[in-house]
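J.: Please work out how this folds:
(one chain, ligands or ions: 2)
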Amino acid sequence: MKFYIKTFGCQMNVHDTRRIEEILVKAGHQPTQESREAQLAMVNSCTIRQKPWHKAISETGRLRKGKLKGSGENLLVGLVGCVAQQEGENVFDLLSHVDFVVSPDNYAQLPQIIDDLIRQKKHIAVTGFSEGNAEDFLSIEHVSENEVSAFVTIMKGCQERCRYCIVPTVRGPERHRGAEQILNEIRHVVSLGVREITLLGQKVNAWQEGERRFFDLLMEIDKVAGLERLRFTSPHPRHMTPEVIDCFGQLRTLCEAIHLPVQAGANTTLKRMGRRYTREDYLNIVERLRKARPDISISTDLIIGYPGETEDDFRETLSLIEEVGFSSAFSFKFSPRPFTPAEKLNDDVPEDVKSARLAAVHELVNAQETAFRNGLRNSELEILVEGEGRMKSQLSGRARNHQIVNFVSAHPLSQMIGKLITVRVTDIHPNSLEGEIV
Ligand code: 5AD
Ligand code: SF4
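T.: Ligands and ions are numbered 1, 2, ... in the order given. Sure thing, here's the model as predicted:
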């Protein structure tokens with residue numbers, strides 16, 4: 001069968017889509033980029049805010065139209081990802097054109113589910129959480145020729161229970177993957193040409209296995225021969241221990257960039273969110289990170305207009321952004337989610353106030369981002385060559401600080417892919433930098 005997957009959401013979803021592809025290809029199915037060609041179409045979506053939830057639902061509608069017009073009644077439409085876990089069988093009442101629902105911990109069963117659908121042609125919903133045993137973590141089997149960067153899952157789920165967040169409900173309790181399995185997967189993908197690894201987990205730095213902590217794991221991964229760069233996402237400030245911070249100054253591969261969600265700048269808001277750290281704790285972590293690695297770039301997530309957020313509270317978010325000087329930030333208005341304590345709070349910040357606050361945050365963050373990027377002009381950056389560039393005759397790569405850099409290369413991509421080169425930044429564009437090889 002030809003299958004098509006539309007993915008919305010975080011890096012974890014992107015990673016999951018790749019694993020689904022591997023599972024289906026192994027079972028004899030073929031991927032296609034064209035939904036019209038597919039006999040099997042899936043939407044893999046996140047539900048962290050209401051908007052992606054809506055997007056997922058309307059995408060299944062678009063696929064249904066394709067079902068009526070193009071591939072005929074034989075098209076199977078499925079909903080997978082966090083939305084699938086959230087809605088379960090309810091989806092069939094809500095959306096009569098959806099044939100199956102499979103949540104993230106059950107993707108290994110997809111070939112069987114598809115066979116059953118073909119034979120019995122009735123709705124199937126498979127949801128719920130795995131134990132978190134070795135076989136419950138789907139390993140990367142193949143990497144494509146141009147893949148020099150890969151994600152490796154080190155934990156599933158989250159039980160931090162920040163009061164606004166649906167993740168603990170849809171991704172389940174925390175299950176930590178064994179270090180040996182993580183290291184084996186990294187060695188495997190490095191042997192296939194991968195040079196950069198990003199460790200994935202909802203609360204990635206809370207990882208532990210017996211006495212082994214997250215920093216021990218970082219130190220072991222750092223020794224993997226052939227690995228050039230290491231990143232992780234997303235850490236929780238509460239687990240940024242001194243040992244993890246020290247790794248930024250000590251480990252060869254650990255890149256000088258961290259995405260450290262803060263969510264808000266006022267202690268009252270942080271407390272009501274259940275974040276379990278203070279503004280001062282966060283600023284202290286930032287100070288220590290900068291001491292360990294003065295050139296580290298720090299990005300963050302922010303929730304704007306959380307219930308009870310006063311004008312003064314909001315000003316504290318702005319002042320925290322100023323104090324840290326984030327290189328970028330993802331900021332979203334608070335979105336009440338089912339099964340969360342915050343859903344029951346009075347969503348009392350009016351929509352127009354939320355919009356105005358969000359606009360103010362965007363303006364400040366954009367100014368900081370521009371300043372950060374302008375500060376890179378004339379600097380020399382180490383680039384991992386990843387693909388074709390913005391213009392003809394250019395290639396592109398990523399700097400350790402995550403910036404995309406395009407540069408003219410005398411050699412084709414096939415000779416340059418996965419190489420580390422040094423470029424001097426000559427120009428700053430809205431979404432990328434331009435440089436020349438030094
Ligand atoms: N409303 C708005 N943003 C949210 N996030 C999580 N839950 C919500 C919500 N209910 C944001 C947080 C988190 C990121 C992944 O999504 O900022 O860090
Ligand atoms: Fe959600 Fe908080 Fe867990 Fe992050 S740490 S996934 S925000 S509950």
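
J.: so where is the stretch 251-400 of the chain shaky, pLDDT-wise?
T.: Nowhere does the stretch 251-400 of the chain drop to pLDDT under 70.

J.: Can you pull out the low-pLDDT segments for the stretch 1-150 of the chain?
T.: The stretch 1-150 of the chain contains residues with pLDDT under 70 at 66-73.

J.: Show me where it has its helices.
T.: 11-26, 50-66, 82-87, 90-94, 110-120 (DSSP state H, counting those that start in this stretch).

J.: Name the residue of the stretch 201-350 of the chain that lies nearest to ligand 2.
T.: The minimum distance from the stretch 201-350 of the chain to ligand 2, using Cβ to the nearest ligand atom, falls at residue 202 (4.1 Å). Every C-beta, even on glycine, is put in place using the N, C-alpha and C of the backbone.

J.: For ligand 2, see how far away the residue lying closest to that residue once chain neighbours are set aside is.
T.: Nearest non-adjacent residue to residue 202, counting by Cβ to Cβ, 6 or more residues apart in numbering: residue 158, 3.8 Å away. Remark: distance between residue 158 and ligand 2 (Cβ to the nearest ligand atom, to the nearest Å) = 3 Å.

J.: is it fair to say residue 158 lies in a strand?
T.: No: Residue 158 sits outside any strand when classified using DSSP: H, G, I helix; E, B strand; the rest coil, being coil.

J.: my guess is it contacts residue 167, does it?
T.: Yes: between residue 158 and residue 167 there is a contact at 5.0 Å, judged by Cβ atoms under 8 Å.

J.: Kindly report the residues of the stretch 201-350 of the chain close to ligand 2.
T.: Counting by Cβ under 6 Å from any ligand atom, the residues of the stretch 201-350 of the chain close to ligand 2 are 202-203, 236.

J.: Can you lay out those residues as TSV showing secondary structure and pLDDT?
T.: Compiled in TSV, those are given as follows (DSSP: H, G, I helix; E, B strand; the rest coil; pLDDT from 0 to 100):
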residue	secondary structure	pLDDT
202	coil	96
203	coil	97
236	coil	98
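
J.: still on that earlier bit, and the residue of the stretch 201-350 of the chain closest to ligand 2, how many residues sit next to it?
T.: By other Cβ atoms under 10 Å, the residues close to residue 202 number 22.

J.: May I have the residues that are in contact with it?
T.: 12, 155-158, 160, 167, 171, 174, 234 (Cβ atoms under 8 Å, 6 or more residues apart in numbering).

J.: show me where the stretch 251-400 of the chain has strands.
T.: Using DSSP state E, counting those that start in this stretch, the strands assigned to the stretch 251-400 of the chain run over residues 257-259, 297-304, 328-333, 380-388, 394-399.

J.: The first one pairs with which strands, parallel or anti?
T.: Neighbouring strands of strand 257-259 in its sheet, by DSSP bridges, are strand 297-304 (parallel).

J.: Show me the domain layout of the protein.
T.: 2-126, 134-374, 380-437 (automatic domain parsing).

J.: Next, see if the longest one gets close to ligand 1.
T.: Yep, that's domain 134-374 we're talking about. Yes: for domain 134-374 and ligand 1, the contact criterion (Cβ under 6 Å from any ligand atom) is met by 164-165, 261, 263, 301, 303, 332, 334-335, 337.

J.: Quick check: buried residues in stretch 147-159?
T.: For stretch 147-159, the neighbour count (16 or more other Cβ atoms under 10 Å) marks 147-158 as buried.

J.: and what of stretch 322-340?
T.: Across stretch 322-340, burial judged by 16+ other Cβ under 10 Å covers 324, 326-329, 331-335, 337, 340.

J.: would you turn those into TSV with distance to residue 193?
T.: Formatted as TSV, those follow (distance: Cβ to Cβ, whole Å):
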residue	distance to residue 193
324	36
326	33
327	29
328	28
329	33
331	36
332	36
333	41
334	42
335	40
337	40
340	42
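
J.: which two in those residues are spaced the farthest apart?
T.: Among the buried residues of stretch 322-340, the pair separated by the greatest distance (Cβ to Cβ) is 327 and 340, at 29.5 Å.

J.: quick revisit: which one of the strands of the stretch 251-400 of the chain lies closest to residue 412?
T.: Among those, strand 394-399 comes nearest to residue 412, with 8.4 Å by Cβ to Cβ.

J.: List the neighbouring strands of the closest one plus their orientation.
T.: When pairs are called by DSSP bridges, strand 394-399 turns out to pair with strand 380-388 (antiparallel), strand 404-408 (antiparallel).

J.: circling back to that earlier point, a markdown table please, covering the helices of the stretch 1-150 of the chain and showing mean neighbour count and distance to residue 222.
T.: What follows is the helices of the stretch 1-150 of the chain, written out as a markdown table (neighbours: other Cβ atoms under 10 Å; distance: least, Cβ to Cβ, whole Å):
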| stretch | mean neighbour count | distance to residue 222 |
| --- | --- | --- |
| helix 11-26 | 18 | 21 |
| helix 50-66 | 17 | 35 |
| helix 82-87 | 26 | 32 |
| helix 90-94 | 14 | 43 |
| helix 110-120 | 15 | 35 |
